[in-house]
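Visitor: I'd like to go over a predicted model; first the sequence, then the structure.
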Amino acid sequence: MKKQIATLFFSLASILLFSQTSPFNAVIEEEPFPGFPALQSFVLGTHEGKWVLIGGRTDGLHQRQPFAAFDPDFNNTNLYVVDPATKQVWSKTLGGLPTSLAEQLQSSNMEYAQRGETLYLMGGYGYSPTEDEWITHPGLVAADLPGLVDAITNNTALAPHFRQVADNRVQVTGGYLGRLGDDFYLVGGQLFEGRYNPMGPNHGPGFVQEYANAIKKFRIEDDGTALVIAGFEETIDTANLHRRDYNLVPQVFPNGEQGFTAFSGVFQHNADLPWLNTVDVLPNSYTVNNGFSQYLNQYHTAHAALYSEGQNAMYSLFFGGISRYQLNANDVLVDDTEVPFVKTISLVARAADGTMQEYKLGDMSGYLGSSAEFVPAEGLAETAHGVLRYDELADGQLLGHIVGGIESTLPNVLFLNGDDLSAASGKVFKVFLQKQATPAIEISGRQYFGLKLFPNPANGQLTVNFSVPVDDSVQLVIEDAAGRALRQQERKVEHGEYEWYFDVGDWAAGLYFVVLRNGKYAIRQEFVKQ
């Protein structure tokens, strides 16, 4: 903790005010589902109410030791069809498929998007017996969902329902694939060759890691036989698109334009920590949003998107996962640079004027959600790119299901080296919409600064205790009851906890206020001078 004697300078600007309600709430209910496959980092398609699950892993968080990381024994070598209405589950092994296709379909963190009855998959990371190495696959795969569902449920041949072509332009893992009409957007991710090693690429067996740093826009021309990537355009931004394992959430922007927002993700250039800013991906451009910081739910997790045309407001929901920040029991934002599993359910709301605000709505029942998927309920009104139409949803409406992912026993397990500390989850959760405004914890000055004043009442010296989760520039003002500034200062501070001291011994008895702000968040707290 840094202890500093206060000096006086700077002028006070207007104070920001924050509500303590969210526009709506998401209610989570676990649904018993015997036989649901325990998978994480998988691909999911839908056909006539059934879910098709491909790839991913059957274990939990990867181990730190290179010899144990991404063990191929835990590749998902089955294809699954799930009927959520009847709770039936069918499976079929990848046996009989061409080798390169079977190897790719058991990889993790493939990018995917569905167009009609075809599910397109690309990339993915895992062990290749052909190469005798852990690779990022260079394949583009088309899966015919009606045929695949029929083959899995009736135990017939799989091969007629897949097509695969090699294309190094989509050799990416840990990115996201979005679709607007016939245009596909492969955003972020990386090429990773070799076995994971937390000590870096030049230690042990070593590896090659190349971030894509790009938005790749293209069409997939598909006549049912040939697969061709056409109209390929690549936009590279090493400063802002250097992210993976994040959430790309479909959006309707305030001007009515459809696109996506890339939330958080990892890693910053100079530290193994998540990003805080976001990137808006538009049909023909992108915009970096440095005016908003996402503190909660920073890794890939189950998420949902809703848009209110009446309010011209966009809502992005995130369920659990992994994050550097979370709120403690006192609702103060806590920084954990080990980046733990969290239980947080959060909402990011984008208003008609484009401003964004983050809320904590509640908690998952455990450390769940990481590398899970959200499946919208069948028949809901939505945009062509997957945003639910909020105004057409009823209060109490089933929005969809959270399926799979990682379940951890503790927040921080990576450095404990146990093989039973986390596992792939076979749990299924229903998500219901509660439309009325709901008490929530808005990420505001109270959570950001954790401001404490003592003693209170004060007589001689007042101690102002606060913390900041990131390097910042803070402004502090002490006002009297009439709002006149009596003490003012501005300081650049490193992330951490601080105590500043003020001599108020000769002040008149009465009510005073301490205002702490950083240009985005503000808090105003009273104290009494005896």
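Guide: Done, it's in.
Visitor: Please count neighbours and contacts with C-alpha atoms only from this point.
Guide: Noted.
Visitor: right, and Asn75 touches Gln104 too?
Guide: No - with contacts defined as C-alpha atoms under 8 Å, Asn75 does not count as touching Gln104, sitting 10.5 Å away.
Visitor: more crowded one of the two?
Guide: Remark: of Asn75 and Gln104, Gln104 carries more neighbours, 27 against 21, as counted by other C-alpha atoms under 10 Å.
Visitor: List the residues that contact the more buried one.
Guide: Gly123, Gly124, Tyr125, Gly126, His137, Gly139 (C-alpha atoms under 8 Å, 6 or more residues apart in numbering).
Visitor: Can I get those in a markdown table including secondary structure?
Guide: Output for the contacts of Gln104, formatted as a markdown table (DSSP: H, G, I helix; E, B strand; the rest coil):
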| residue | secondary structure |
| --- | --- |
| Gly123 | coil |
| Gly124 | coil |
| Tyr125 | strand |
| Gly126 | strand |
| His137 | coil |
| Gly139 | strand |
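Visitor: need the residues you listed in TSV with distance to Tyr512, can you?
Guide: Formatted as TSV, the contacts of Gln104 follow (distance: C-alpha to C-alpha, whole Å):
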residue	distance to Tyr512
Gly123	60
Gly124	59
Tyr125	59
Gly126	61
His137	63
Gly139	65
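Visitor: Let me have these in JSON lines, adding neighbour count and distance to Glu234 as columns.
Guide: What follows is these, written out as JSON lines (neighbours: other C-alpha atoms under 10 Å; distance: C-alpha to C-alpha, whole Å):
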{"residue": "Gly123", "neighbour count": "33", "distance to Glu234": "17"}
{"residue": "Gly124", "neighbour count": "33", "distance to Glu234": "20"}
{"residue": "Tyr125", "neighbour count": "29", "distance to Glu234": "22"}
{"residue": "Gly126", "neighbour count": "29", "distance to Glu234": "25"}
{"residue": "His137", "neighbour count": "30", "distance to Glu234": "19"}
{"residue": "Gly139", "neighbour count": "24", "distance to Glu234": "18"}
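Visitor: Widest-spaced pair of those?
Guide: Gly126 and Gly139 (13.0 Å; C-alpha to C-alpha).
Visitor: Between Asn75 and Gln104, which contacts overlap?
Guide: Contacts common to Asn75 and Gln104, judged by C-alpha under 8 Å, 6+ apart, are Gly126.
Visitor: pretty sure Ile229 is in a strand, no?
Guide: Yes - according to three-state DSSP, Ile229 belongs to a strand.
Visitor: which ones are touching the residue lying closest to it once chain neighbours are set aside?
Guide: Among residues not flanking Ile229 along the chain, Ile220 sits closest, at 4.8 Å (C-alpha to C-alpha, 6 or more residues apart in numbering). Going by C-alpha under 8 Å, 6+ apart, Ile220 touches Asp182, Asp183, Phe184, Leu227, Val228, Ile229, Ala230.
Visitor: Please identify the helix or strand for Ile220.
Guide: Element membership for Ile220 (DSSP states H and E) is strand 214-222.
Visitor: then that strand to PDB, C-alphas only?
Guide: Provided in PDB are the C-alpha atoms of strand 214-222 (Å, rounded to 0.1, in the frame of the first residue of the first chain):
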ATOM      1  CA  ALA A 214      -6.400  -9.500 -38.200                       C
ATOM      2  CA  ILE A 215     -10.000  -9.300 -39.500                       C
ATOM      3  CA  LYS A 216     -10.300 -11.600 -42.400                       C
ATOM      4  CA  LYS A 217     -13.400 -11.000 -44.500                       C
ATOM      5  CA  PHE A 218     -14.400 -13.500 -47.300                       C
ATOM      6  CA  ARG A 219     -17.200 -15.400 -48.900                       C
ATOM      7  CA  ILE A 220     -17.500 -19.200 -48.900                       C
ATOM      8  CA  GLU A 221     -18.700 -20.300 -52.400                       C
ATOM      9  CA  ASP A 222     -20.300 -23.600 -51.900                       C
END
